[in-house]
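Undergrad: Build me a structure from this.
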Amino acid sequence: MIDFRYHLVSIVAVFLALALGIILGSTTLSQSVTAELKKQASDAARNSQQLRQEQRRLEAQRDGEEQFAQTLAAELVADRLKGQSVVLVETPGASNDSIEQLGELAKAAGATVTGRVTIQKKFLDDDQVGTVDELAAQLRPEAAAAPDGGPYDRAGAVLASALVTRDPARSGREDTEGGAVLNAFRQAGYLTTTGRPGQHATLAVVVAPSTPYQYEGADADNRALISLAAALDGAGRGAVVGGPSTAAQEGGLIAALRDSDVRKNVSSIDMVDTASGRVVAVLALQNEIAGKSGQYGTGSGVSGYLPSPVPSASKSG
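TA: Predicted coordinates for the structure are as follows:
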């Protein structure tokens, strides 16, 4: 007869067997999981190494292309702007390096740089809109009709009349009327100038802020600067707005320009912080003289990295 002790021993044996099975099974599973994790870690390390190598290769290629463009930039643009003159317009937050380098390349292309106009943040302040409009009304030439639009359309037209011209007889010449405009805007704290921007250039380059405006009213400030660019284009032989790739991102001046009707008349380049981008800026100015506008670079809304077809290297005259 099977006694209680036999039952107890049997039950204990069953539980010992179960415990042993669990231990053995978990050990086997753990080894399998560990092996799989080791394989995944090895694959990830190998992929990471390949990506680092590819990154170094691309960086070396980029640096080589930049060196190539910088070395040959002057030769590539030689005489493309001969007989022309350029005024540089700096917006609040624009890169000084880009402005200086654009000016030097314009000279290498045969153009005269009349000077630089630096727009101050005060010009865009909300509490200055009425004063800007009053100043534009006071300074508008008697023979000139007030343009349609708002205060910054009118202010842009007055400033453009003092900075650029289509008339060969006025090109390279300062006059009392233009001097009064620039002096009034300087005294109001709306801009500063270097060089002789009142000599009436034939072309204008507006350098966009490097970082998109991120405050309340930023859209209105972009529209005000676009109005100025449009006025410079209309009063002269063409205008180009240039900036780094960030200027073509959401909230950037170039992005705002490309979303507006002004894009039909004013060219933009979203990589003027690179040597090749500055060459493209000169090509865009050359096309502007011929009445052709385009959007160039790598951001959204572009027609290509550079004009196609590339304008002839012959003198623009």
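Undergrad: residue contacts, the closest residue to Gly277 other than its chain neighbours?
TA: Closest residue to Gly277 apart from its sequence neighbours, by Cβ to Cβ, 6 or more residues apart in numbering: Met271 at 3.3 Å. To be clear about C-beta, it is placed using only N, CA and C from the backbone, and glycine gets the same treatment. Contacts here follow Cβ atoms under 8 Å, 6 or more residues apart in numbering; on that basis Met271 touches Pro244, Ser245, Gly277, Val280, Gly297, Thr298.
Undergrad: Okay, Met271 and Val280: tell me how far apart.
TA: According to Cβ to Cβ, to the nearest Å, Met271 stands 7 Å off from Val280.
Undergrad: Any figure for the gap between Val205 and Ala169?
TA: 23 Å.
Undergrad: swap in Thr131?
TA: 33 Å.
Undergrad: Who has more neighbours out of those two?
TA: Counted by other Cβ atoms under 10 Å, Thr131 and Ala169 do not tie: Thr131 has more neighbours, with 15 against 8.
Undergrad: In three-state terms, label the more buried one for me.
TA: Here Thr131 is recorded as helix under DSSP: H, G, I helix; E, B strand; the rest coil.
Undergrad: Pull the contacting residues for the closest residue to it other than its chain neighbours.
TA: Once flanking residues are discounted, Thr131 sits nearest to Ala188: 7.1 Å by Cβ to Cβ, 6+ apart. Contact partners of Ala188, counting by Cβ under 8 Å, 6+ apart, are Lys122, Thr131, Leu135.
Undergrad: where does the stretch 151-300 of the chain dip in pLDDT?
TA: Applying pLDDT under 70 to the stretch 151-300 of the chain picks out no residues at all.
Undergrad: Which stretches in it count as helices?
TA: 151-163, 176-187, 218-235, 253-258, 275-289 (DSSP state H, counting those that start in this stretch).
Undergrad: out of these, deepest packed?
TA: helix 253-258 (a mean of 26; mean count of other Cβ atoms under 10 Å).
Undergrad: what does that helix contact?
TA: Contacts for helix 253-258 (Cβ under 8 Å, 6+ apart): 91, 208-209, 212, 219, 222-223, 225-226, 229, 241, 243, 247-249, 263, 266, 268, 270, 295, 299-301.
Undergrad: Check stretch 297-308 too.
TA: 245, 248-249, 254-255, 258-259, 263, 268-271, 277, 279-280, 283-284, 287, 292, 294-296.
Undergrad: isn't Ser85 right up against Gly198?
TA: No - if you go by Cβ atoms under 8 Å, Ser85 and Gly198 don't touch, sitting 11.8 Å apart.
Undergrad: Show me the common contact partners of those two, please.
TA: Listed as contacting both Ser85 and Gly198 by Cβ under 8 Å, 6+ apart are Thr114.
Undergrad: Spell out which helix or strand contains the closest residue to Gly110 other than its chain neighbours, please.
TA: Counting by Cβ to Cβ, 6+ apart, Gly110 lies nearest to Lys82, which is 3.3 Å off, once chain neighbours are set aside. Here Lys82, judged by DSSP states H and E, is contained in no helix and no strand.
Undergrad: now swap in Gly115 and tell me
TA: Short version, using DSSP H and E: Gly115 is in strand 112-119.
Undergrad: Return the mean pLDDT over that strand, rounded to an integer.
TA: If you average the pLDDT over strand 112-119, you get 97.
Undergrad: what lines up beside that strand in the sheet?
TA: strand 85-90 (parallel), strand 191-195 (antiparallel) (DSSP bridges).
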